[in-house]
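Trainee: Sharing a model prediction with you, sequence too.
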Amino acid sequence: MMGGFFAPELKYAGYDKLIIRGKSPDLVYLWIHDDKVEIRDAAHLKGKGSLESAEMIRTELDDPKVQIASIGLAGENRVWFASIEQGRSSASRGGIGAVMGDKGLKAIAVRGTNDVNVARPAELIEMCNEVMRYIKHREENPIPGVMPILAGLGSPQEMAIHDEKWHTENFAWGNSRTRRKGFWTEEVEEEWTDTMRSMRTRLVSCHNCPMKCGATISVPGLPTYMMKCFSKLTYTMAAMSNLEFGLRIAQSATEYGVDAFTAPQVMAFALELYEAGILTDDDFPGMPSDNEERFFWLLDRIVRREGIGDLLANGTHWAAEQIGNGAQEYAHNNIKKHEQLPLKLGMLNPIYFLMYATGEKINITQIEGNYPQAPFATREEREEFCKDWVQVPDEKFKEYFLNWELRGEYSIPHYPGIEATCEIVNWQEQMHYIDDATGMCAGLSSFPLKPPYHIHNLPTFISNATGMELDEEGLTQIAKRIRNLVRAFNIRRGMRKKDEKPPADHWKRRFPDLEEELLTEYYRFKGWNEQGIPTSESLHELSLDFVADDFLERGILQDEG
Ligand code: SF4
């Protein structure tokens, strides 16, 4: 899912989605100009950076308004964490760039000049205006008592804020192991603020959005690129370096087209294996001795799949399997074989346990969101928060939050209780699935606290835009169907309960019995069996009988009749 300008341009060209079937023997790009669709030779773009390729295509097509989604060298070489870059955004998680590379598709260029017709324009525009008023209201009234990036709307406002105390002291550095309490001193703050102010040339937003979540970054001597969200810190923290290094290497990483969560962790993992003697000098011929230079060197090897880079290009899980000799212990920050945000915490949080364990979008930010990440210190603060919390699907969520304490009987890991935890996780996840289905930015819907789009107004938005009559129940049902279809794909690929666990040492204090109970109850709540497989009965209720039939045929479900 990308923000930026690509999707609106595609809509103006007359399309909602693109499905690319098959593959090309030679490198090509797709040129969509309204009704005209061409497959063009891209031999001259081979090995070019993602942004560089976009510029070359734009020049070739002689139209500055063309929007281009392109892969870099990582996608061409099928690096398993390759991204698709679009200049003002990227689709990064899950190695989607490798899929384009495998198809021999270097880029998709689109230009649309049609009108977009909606069913009830006056009603839709009025709702949009209301959203704009609300966004302005939230801008003027940030939520107190939460970390800076959660106080406002949008994808975390990393580009606009300078206070990184929370991230740098609570998230883990290196190969996601080291927390650095007391790191954020006045000197660091001054240095990082100067770096950001001098290199962040402009705050930018996506098509028709006032939020400005991204920024153009100009590192002296390098081409300008766009950055958004937590990628600001991932390279810096993986290399135990400073912000200037992070912004510098991110320019290369964007051109190469790699995911900014996974790539830095893979490189830190490789260097940790080297320090532990599991990998040796023979695995790193010619590697520089300077720490930062090593990261640039490794990035180059990975995207070219050269030497050790060929193993690392598969991510820490698969690289560790191939390296052996205890390397698996160092690939410790994965769920379902994919690298996660570098966090190592103290006490098990039941909500996050379920989200990490059962999420299939391979990223906690794609599940969490509308419910606060932690309790507020006092009941007064919680009451204040609940006053205008209109986004809750049901008033009971306010009760859960009002009673949530930092310590004592009503604190984690036993509060919220199991049933409440299931409901909270289900609500948050459901909103993300609705966003994916509608193409809505999570930054204005499923991710922030108190967003402008929520379960009470989204059905009317959709109805006004499409003419399809939809209420909350109908939209919830659609989200459930999609959720179960996604699970069905993974179940067919072999995913079972054994795969549903958080990163190995994500929390120091674990509670196996409670975790088992949470998982069991959540499966029941979702209509899944003891292995996490949707049952025939629940699939039937969602009119997904064809999935149940497929499961029966494959022996995944047994015929109970
Ligand atoms: S809120 Fe979403 S659409 Fe708007 S600028 Fe931020 S990321 Fe883009």
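Mentor: Yep, that arrived. Since the structure is predicted, the reported quantities are computational estimates derived from the model, not experimental observations. Numbers count the residues shown, from 1 in each chain.
Trainee: What separation do you get for Ser289 and the ligand?
Mentor: Going from Ser289 to the ligand by C-beta to the nearest ligand atom, to the nearest Å gives 40 Å. Using the backbone N, CA and C atoms, a C-beta is placed for each residue, glycine as well.
Trainee: which SS class is that residue?
Mentor: coil (DSSP: H, G, I helix; E, B strand; the rest coil).
Trainee: Relative to Ile308, how far out is it?
Mentor: Distance, Ser289 to Ile308, using C-beta to C-beta, to the nearest Å: 17 Å.
Trainee: swap in Glu191?
Mentor: 33 Å.
Trainee: out of those two, which sits in the busier spot?
Mentor: Ile308 (22 against 14; other C-beta atoms under 10 Å).
Trainee: Mind listing residues that contact the lowest-mean-pLDDT helix or strand in the chain?
Mentor: In the chain, no helix or strand scores lower on mean pLDDT, DSSP states H and E than helix 148-151, which sits at a mean of 84. Contact with helix 148-151 is made by 142-144, 156-158, 161, 163, 166, 373, 448-449, as judged by C-beta atoms under 8 Å, 6 or more residues apart in numbering.
Trainee: Extract the C-alpha set from it and format it as CSV.
Mentor: Presented in CSV, the C-alpha positions along helix 148-151 are these (Å, rounded to 0.1, in the frame of the first residue of the first chain):
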residue,chain,number,x,y,z
PRO,A,148,5.1,13.2,20.3
ILE,A,149,4.5,11.0,17.2
LEU,A,150,1.2,9.8,18.6
ALA,A,151,-0.1,13.2,19.6
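Trainee: Once you drop chain neighbours, what's closest to Asn333?
Mentor: The spatially closest residue to Asn333, leaving aside those adjacent along the chain, is Ser176, at 4.2 Å (C-beta to C-beta, 6 or more residues apart in numbering).
Trainee: For the one you found, give its distance to the ligand.
Mentor: From Ser176 over to the ligand the distance is 25 Å, taken as C-beta to the nearest ligand atom.
Trainee: returning to what we had before: top of the contacts of helix 148-151 by neighbour count?
Mentor: Pro448 (25 neighbours).
Trainee: In this structure that one contacts Gly154, no?
Mentor: Yes. Counting by C-beta atoms under 8 Å, Gly154 is a contact partner of Pro448 at 7.0 Å.
Trainee: List, one by one, the residues from this protein near the ligand.
Mentor: Residues of the chain that fall close to the ligand, judged by C-beta under 6 Å from any ligand atom: 3, 154-155, 205-206, 209, 211, 213, 441, 443-444.
Trainee: Tell me the buried residues within these.
Mentor: Using 16 or more other C-beta atoms under 10 Å as the burial test, these include 3, 154-155, 206, 209, 211, 213, 441, 443-444 as buried.
Trainee: which residues in the stretch 201-350 of the chain form strands?
Mentor: 214-217, 225-228, 334-335, 338-339, 345-347 (DSSP state E, counting those that start in this stretch).
Trainee: what about the ones you listed, which gets the closest to Leu18?
Mentor: strand 225-228 (22.1 Å; C-beta to C-beta).
Trainee: domains of the chain?
Mentor: The chain is divided into the following domains under automatic domain parsing: 6-111, 154-339, 345-554.
Trainee: chain center to the second one, what's the gap?
Mentor: Put plainly, it is domain 154-339. Remark: domain 154-339 is offset 15 Å from the chain centroid, using C-alpha atoms, centre = their mean, to the nearest Å.
Trainee: cool, and the longest one?
Mentor: What separates the centre of domain 345-554 from the centre of its chain is 16 Å, taken as C-alpha atoms, centre = their mean.
Trainee: Kindly report the same for the shortest one.
Mentor: A distance of 20 Å separates the C-alpha centroid of domain 6-111 from that of its chain, computed with C-alpha atoms, centre = their mean.
Trainee: mind starting the numbering at 43 from now?
Mentor: Yep, numbering from 43; the last one is domain 48-153 now.
Trainee: first vs last residue of that domain, how far apart are they?
Mentor: 9 Å (C-alpha to C-alpha, to the nearest Å).
Trainee: what about the nearest residue to Arg525 once chain neighbours are set aside, how many residues close to it?
Mentor: Residue nearest to Arg525 in three dimensions, not counting chain neighbours: Tyr475, with 5.2 Å by C-beta to C-beta, 6+ apart. Using other C-beta under 10 Å, Tyr475 is surrounded by 23 other residues.
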